[in-house]
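*Asks:* I would like the atomic coordinates for the input below:
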Amino acid sequence: MTVKGLAHRGYPARYPENTLSSFRAACDLNYQYVELDVHLSKDGVPVVIHDPTVDRTTDGKGKVKDMTLAELKRLRIAGTEQIPTLEEALQLLKGRTTVDIELKQFGDLYPGLEEKTLALVKKLGMEDQVIVTSFDHYSMMRVRELDKNIELGLINTGSSPALVQFVKQLGGRYLSIHQAYITERFIRLCEEQQIELIAWTVNEEPDMRRFVKYPSVIVCTNELERWKDVSGQ
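*Replies:* So this is what the prediction gives:
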């Protein structure tokens, strides 16, 4: 049975985040959605890593944008794993789950990030299997200019009725909000407007139990087995 939930960076409670092993584990648990983060290498290749630097998650130092793909591939995560390219991650996830591709765009930090990401999605024939999201709402405007049909969503810390209207204006369907700002009133608004609300990042059991009462909410979590148990899926 498919688990209605979003596996945040794969399964980071058990495996290194944003790695192929982490994504594979999320698929093995039958999660409906898997989220990953995308930056651009110095030579313009979309790569999967959360931070703008490699310092926290690898044995290297430096900014992702200042390193070529070959340089990034020489680094190791938890001693054995490499930073995946977006293409490698999508090839693994194709046909197994819906992929939430979070573009780590920051203003004009990564020129061409939107174009290159969409090109890869189309190359792999995964247009119906992805959602493109970002905290950078101008980036999502760019995605919509480039592709009129791709599923997209906005990410924001706080909730606001203005966000609901903006995502609808963009022809999007998803809205990802920090769990602390999600009230029943906001949940009902999203339901009325047919917006898929994602609550991030829900890792503790009491918070999980709060959202079990609202089956329309997609829970984003690092604790995949815990959410599966609490939600009874």
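
*Asks:* CA only for contacts and neighbour counts going forward, please
*Replies:* Noted.

*Asks:* Any idea which residue is closest to the centre of this structure?
*Replies:* Glu35 (3.1 Å; Cα atoms, centre = their mean).

*Asks:* That one contacts Pro12, correct?
*Replies:* No: counting by Cα atoms under 8 Å, Pro12 is not a contact partner of Glu35; they are 11.3 Å apart.

*Asks:* Given the top strand by length along the chain, what are its sheet partners and their directions?
*Replies:* Determined from DSSP state E, the single longest strand within the chain is strand 31-40. Strand 31-40 has the following strand partners under DSSP bridges: strand 3-8 (parallel), strand 46-48 (antiparallel), strand 98-103 (parallel).

*Asks:* Please identify the deepest-packed of the ones you listed.
*Replies:* Stretch with highest mean neighbour count among those: strand 46-48 (a mean of 26; mean count of other Cα atoms under 10 Å).

*Asks:* residues in contact with the very next helix or strand once past that one?
*Replies:* Next along the chain after strand 46-48, taking DSSP states H and E as the criterion, comes helix 69-73. For helix 69-73, contacts defined as Cα atoms under 8 Å, 6 or more residues apart in numbering pick out 41-43, 45, 64, 82-83.

*Asks:* swap the cut-off to 10 Å and go again
*Replies:* For helix 69-73, contacts defined as Cα atoms under 10 Å, 6 or more residues apart in numbering pick out 40-47, 54, 58, 60, 62-64, 66-67, 81-85.

*Asks:* re earlier: distance of the closest residue to the residue nearest to the centre of the chain other than its chain neighbours from Ser41?
*Replies:* Leaving aside its chain neighbours, Glu35 sits nearest to Asp100 (4.4 Å; criterion: Cα to Cα, 6 or more residues apart in numbering). Distance of Asp100 to Ser41, given as Cα to Cα, to the nearest Å: 20 Å.

*Asks:* Asp108 too?
*Replies:* Asp108 sits 14 Å away from Ser41, going by Cα to Cα.

*Asks:* re earlier: return a PyMOL selection command for the buried portion of the contacts of helix 69-73.
*Replies:* To isolate the buried ones among those in PyMOL, judged by 16 or more other Cα atoms under 10 Å, type:
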select buried, resi 40+41+42+44+45+46+47+54+58+60+64+67+81+82+83+84+85
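
*Asks:* which residues in the protein form helices?
*Replies:* With DSSP state H as the criterion, the chain has helices at 20-28, 69-73, 86-93, 113-123, 137-146, 161-169, 184-192, 205-212, 224-231.

*Asks:* Out of these, which is the most enclosed?
*Replies:* Most buried among those, given mean count of other Cα under 10 Å as the contact rule, is helix 20-28, at a mean of 21.
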